[in-house]
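In: how would this look folded up:
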Amino acid sequence: MQRILTISLLALLGLHTTASHAQRRTKKNQPAPAAAKADSTKRPVVGPPGQPKPYKEVITGKAISTKGMFTLHKIEDKYFFEIPNDMMERDILVVSRLSKAAAGFRTGASYAGDQINSSTVRFEKGPNNRIYLKRTSFQEIGRDSTEGMYRNVMNSNIQPIGASFDVKALSPDNSGAVIDVTDYMNGDNDYFFFSPVIKKILGLGMLQSDRSYTSTIRAYPTNIEVKTVKTYMFMPVSQPGTPPNPYAVASPLTFELNTSMVLLPKVPMQPRYFDDRVGYFTTQNITDFDVNPQGVDRYRYIARYRLEPKTEDIEKYKRGELVEPKKQIVYYIDPTTPKKWVPYLIQGVNDWQIAFEKAGFKNAIVARLAPTYAEDSTFNLEDARHSAIIYKPSDIPNASGPNVHDPRSGEIMESHINWYHNVMSLVRNWYMIQTAAVDPKARKMEFDDELMGQLIRFVSSHEVGHTLGLRHNFGSSSTVPTEKLRDKAWVEANGHTPSIMDYARFNYIAQPEDNIAQKGLFPRIGDYDTWAIEWGYRWHPEAKNADQEVALLNKITIDRLKNPRLWWGDGEGNSGDPRSQTEDLSDNAMKASTYGIKNLKRIIVNLPQYTYQSTKDYTNLGTIYNEIVGQFGRYIGHVTNNIGGVERTPKRVEQTGSVYQFTDRSTQKEAMAWLQSNVFATPTWIIQKDYAALTGQEPLSVISRVQDRALNILVNPSTLGRLISAEARVGAKAYAPTEMLNDVKKSVFTELASRKAIDVYRRQLQKSYVEKLITLANPSKQEQASLSRGGEINFATSDIMSVVKGQLRSISAELRTAANSYGDAASKNHLLDLQDRIKQALEPK
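Out: Next up, the predicted model:
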């Protein structure tokens, strides 16, 4: 969905790691079985002090005991873990979520189901009859070999001890140790409750221990679920750039938290290396000190579910027959979800089955309604063993699809998709402004349930894609020829983009006369998606470890990428590539945007009819009008980003052709011509004075908003820097920065040649252009640093300032010539004012 669904808060949780750790390896890139370390679990717990008591004196007849991952004992208000020796030093994934959110608190992670922490821990035996809880990390490794650096790396990566527990008793047969976890769970810590980063963002202070307690702890075969109530003092957080509020008063906030302790596999799943030609989320970077005999290797593993054929079906799988996996991927639908939307959410999940068939698995993924307590008293949606779609009573117009994975291998353990109630307003607005010209069902504020259900289905599929490990593919839509999106048969058969992971909402290019049905307007799981799932999930038994897969996958990838529809547009990481933009369609932004504007013109004049609801005020009219302005702004951005574009196509050495190339000059000139006609020449069609009288959205402000969208990209050090780089590499074939700015000047100051009166909209445009040039001509040292694109260019020594000052001098000379020829006061005063501003900028006192 919107940028929110890049899961920004979850990124702050650190992907389960906080410190470097050396992970022992056996076969190349294969995590060693825990059995290789089993001898460490046989170490006795040595003393003194604090000798353990006899077992029956600690675990008395009053104990209520449950066997599970650990044996759990509850004695009155105390909780004890009896940890078996063979569970010592086993990796445990700890995931914490809000079970119930604080009333009146809606900042960041503030809804039931939101994740607030994630880490990987181990319990280890220590001296003096103690058990240590350590947080583990897997960012630095050394491999076992004769000349390996395993020991050196281990010596530099001692894991932090987060907690220490007295051994209260030993198991009757000395097979384990009993610890009291009551105080640890009742208190506050960084491992089981809010992460420090999230606490800071939310403004949570000290825990109020007299108002905090443990509700329940439950043990299951491979996990333990801890439910606690925590009360913190809250101090309202000031917005970035604003001073603290001196009148802010601290107040208590109470949350119910659910913490899942999930046992990670003893033998991690065989990992798969990330390849920047296919878009997957990944583990953190891993630094390997031993695999490269003359240096250091850094790599990441992709995040994916463990999907393998059943033992009895292996030969069938090898023969190419579809088989069911050992463990099906199951998503449970929150039972609080409005019943009429449940079938569409389920279908959005099940739509992925066809993609997994490309990977050789049938019925690999399915959605089900979560069982009620009466049906299964042990089932809990907060249990980190279960993936789920959680419905949230939120006014946030969004949805997001995070996943929780094993940092050792990238194996996805579970996912909780956040489904905010108000996402329906978001998709309604999108569908109306992009398709109302061709779909009569989009011409009202309350859609029919079937239409809204299909919109929910599409969003569900997109978010499920994220939880399967797939990143956005903003470049996918750029592989489709523009005119194909007006071809009814073609677009209804193939869809308007090859990937549902694109931000290519609906087919806004389709025109009324094309008679395209909803099938040709909606996103769907496409060619790229099925390829990405095949690449990430197909089982390759011939490869015994991740390294052996590399050459095999590289050969497959090179062959498959001969089909341009399978290209991955580099996710969110390549905004300078005009092919990889959000909300765009087709291989030509200028043609696509022209068609899009035609439809906006058809819609805008009918807004009073489309937005009418009896007894309502004009909020609907203002909202949808504003959405149309925003959509027009997107078209402007799509076109403008072609100017100074750098196209990146990741390749391996076996592939021919450039990885980086500049957008060709003819395309950039086409983009500039489009801007001259559709943006710098006042777009009067967007000016709706009658609407302004009803909504307060003044035309002058609207025009400024859309024109500045183009100017902010053109008069920008990043764009100018790329144009200068292109000039250095391709010479006369480049669209030089001076030529580009001169083209802008000609379209912005067209009145000067004919001495035509300059109206208020054009005066606003001309001032905006000059002011943006002045800003670049006189940046402070701090501004220079921020304008230098993260060190890619040195702003002070590049040609940027020279080009910008040259443009200002050229404008100033034309103003001097023209100013005295103007008779109308408004135009003359405007030109003289611009002269003064430029002079002050170039010759500051």
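
In: Next one: Val296 from Ile302, what distance?
Out: 21 Å (C-beta to C-beta, to the nearest Å). C-beta coordinates here come from the backbone N, C-alpha and C atoms, glycine included.

In: So those two - more neighbours on which side?
Out: Ile302 (25 against 11; other C-beta atoms under 10 Å).

In: which residues does the closest residue to the more buried one other than its chain neighbours bridge with?
Out: The shortest distance from Ile302 to any non-neighbouring residue, by C-beta to C-beta, 6 or more residues apart in numbering, is to Tyr280 (3.8 Å). Listed by DSSP bridges, the beta-bridge partners for Tyr280 are Leu470.

In: shouldn't Tyr280 be in contact with Leu468?
Out: No. Applying C-beta atoms under 8 Å, one finds Tyr280 not in contact with Leu468, separated by 9.1 Å.

In: what's the neighbour count on Thr656?
Out: Considering only other C-beta under 10 Å, Thr656 is surrounded by 6 other residues.

In: hang on, it in a strand?
Out: No. Counting by DSSP: H, G, I helix; E, B strand; the rest coil, Thr656 is not found in a strand; it is coil.

In: List the residues that are in contact with both of Tyr280 and Leu468.
Out: Arg304 (C-beta atoms under 8 Å, 6 or more residues apart in numbering).

In: If you count neighbours, what's buried in stretch 323-339?
Out: By neighbour count on 16 or more other C-beta atoms under 10 Å, the buried set for stretch 323-339 is 323, 325, 329, 331-334, 337.

In: try stretch 647-667
Out: Neighbour-count burial for stretch 647-667 [16+ other C-beta under 10 Å]: 647-650, 662-665, 667.

In: how far does that stretch stretch from start to finish?
Out: This stretch, stretch 647-667, spans 13 Å end to end (C-alpha to C-alpha, to the nearest Å).

In: Strands of the stretch 551-700 of the chain, start to end?
Out: 646-648, 660-662 (DSSP state E, counting those that start in this stretch).

In: and the ones you listed as a markdown table, adding distance to Glu76?
Out: Shown next, in a markdown table, are these (distance: least, C-beta to C-beta, whole Å):
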| stretch | distance to Glu76 |
| --- | --- |
| strand 646-648 | 63 |
| strand 660-662 | 68 |
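
In: Throw those into TSV and include mean pLDDT and distance to Met87, thanks.
Out: Formatted as TSV, these follow (pLDDT from 0 to 100; distance: least, C-beta to C-beta, whole Å):
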stretch	mean pLDDT	distance to Met87
strand 646-648	93	47
strand 660-662	94	51
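
In: same question for the helix or strand Lys200 falls within, mean pLDDT?
Out: Applying DSSP states H and E as the criterion places Lys200 in helix 196-202. In this model, helix 196-202 carries a mean pLDDT of 87.

In: now do stretch 711-727
Out: Computed over stretch 711-727, the average pLDDT equals 94.

In: Buried residues in it, which are they?
Out: 711, 713-727.

In: out of those, who's nearest Gln697?
Out: Leu711 (20.5 Å; C-beta to C-beta).

In: Pretty sure the closest one sits in a strand.
Out: No. Assessed with three-state DSSP, Leu711 is helix; it does not lie in a strand.

In: Read off the pLDDT value for Gly14.
Out: 42.

In: brain fart, Tyr220
Out: So, for Tyr220, pLDDT stands at 89.

In: re earlier: I'd like to know which of the buried residues of stretch 711-727 are part of helices.
Out: 711, 713-714, 717-727 (DSSP state H).

In: just the residues you listed now: which is nearest Asp584?
Out: Ile713 (14.0 Å).

In: quick one: the closest one from Leu831, how far?
Out: For Ile713, the distance to Leu831 - C-beta to C-beta - is 26 Å.

In: in the stretch 451-600 of the chain, what spans have low per-residue confidence?
Out: Within the stretch 451-600 of the chain, the stretches with pLDDT under 70 are 571.

In: One more: the chain?
Out: If you take pLDDT under 70 as the line, the chain has these spans: 1-49, 106-110, 139-158, 237-249, 289-295, 571, 783-793.

In: thinking again about what came up before, so which of the ones in helices among the buried residues of stretch 711-727 comes closest to Ser137?
Out: Nearest to Ser137 among those, with distances taken as C-beta to C-beta, is Ser718, at 35.0 Å.

In: quick one on the thing from earlier: Ala592: which of the strands of the stretch 551-700 of the chain is closest?
Out: strand 646-648 (17.3 Å).

In: Which other helices and strands does the closest one contact?
Out: strand 660-662 (3 or more C-beta pairs under 8 Å, 6 or more residues apart in numbering; DSSP states H and E).

In: list the helices and strands the strand it packs on packs on?
Out: strand 646-648, helix 717-730.

In: which of the buried residues of stretch 323-339 sit farthest apart?
Out: Checking these with C-beta to C-beta, the most distant pair is Val323 and Thr337, at 31.9 Å.

In: According to the record, where do the domains of the protein fall?
Out: Listed by automatic domain parsing, the domain ranges of the chain are 3-270, 642-681+715-845.

In: Distance to Val423 for those domains - can I get that in a markdown table?
Out: Shown next, in a markdown table, are those (distance: least, C-beta to C-beta, whole Å):
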| stretch | distance to Val423 |
| --- | --- |
| domain 3-270 | 10 |
| domain 642-681+715-845 | 31 |
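
In: which other helices and strands contact the helix or strand containing Ser460?
Out: Using DSSP H and E, Ser460 sits in helix 449-467. With contacts defined as 3+ C-beta pairs under 8 Å, 6+ apart, the packing partners of helix 449-467 are helix 342-350, strand 387-392, strand 399-400, strand 416-420, helix 423-435.

In: Would you tell me what the next helix or strand after that helix is?
Out: helix 488-494.

In: ranges for the strands of the stretch 1-150 of the chain?
Out: Listed in chain order (using DSSP E, counting those that start in this stretch), the strands of the stretch 1-150 of the chain are 64-66, 71-75, 78-84, 92-100, 115-126, 130-135, 140-141.

In: ok, longest helix in the protein?
Out: helix 619-640.

In: one step back: now the helix holding Lys200: buried residues?
Out: 197-199, 201-202.

In: which pair in those spans the largest distance?
Out: Going by C-beta to C-beta, the pair spanning the buried residues of helix 196-202 furthest: Val197 and Leu202, at 9.7 Å.

In: thinking again about what came up before, between Tyr280 and Leu468, which one's more packed in?
Out: More neighbours surround Leu468 than the other of Tyr280 and Leu468, with 27 against 23 (other C-beta under 10 Å).

In: Help me confirm that that one comes into contact with Tyr305.
Out: Yes. Between Leu468 and Tyr305 there is a contact at 6.9 Å, judged by C-beta under 8 Å.

In: Give the intersection of the neighbour lists for these two.
Out: Counting by C-beta under 8 Å, 6+ apart, the residues touching both Leu468 and Tyr305 are 329, 412.

In: Identify the residues contacting the strand or helix carrying Thr530?
Out: Applying DSSP H and E as the criterion places Thr530 in helix 527-537. Applying C-beta under 8 Å, 6+ apart, the contact partners of helix 527-537 are 272, 275, 278-280, 302, 304-305, 307, 352, 354-356, 358-359, 361, 364, 465, 468-470, 473, 476, 494, 498-501, 553, 556-557, 560, 563, 565-568.

In: For Ser614, which of the domains of the chain is the nearest?
Out: Here domain 3-270 is closest among these (C-beta to C-beta), at 30.9 Å.

In: In the sheet, which residues pair with the closest residue in space to Lys199 that isn't next to it in sequence? Tell me.
Out: Counting by C-beta to C-beta, 6+ apart, the nearest residue to Lys199 once its immediate chain neighbours are dropped is Tyr232, at 7.8 Å. Beta bridges link Tyr232 to Leu207, Leu253, judged by DSSP bridges.
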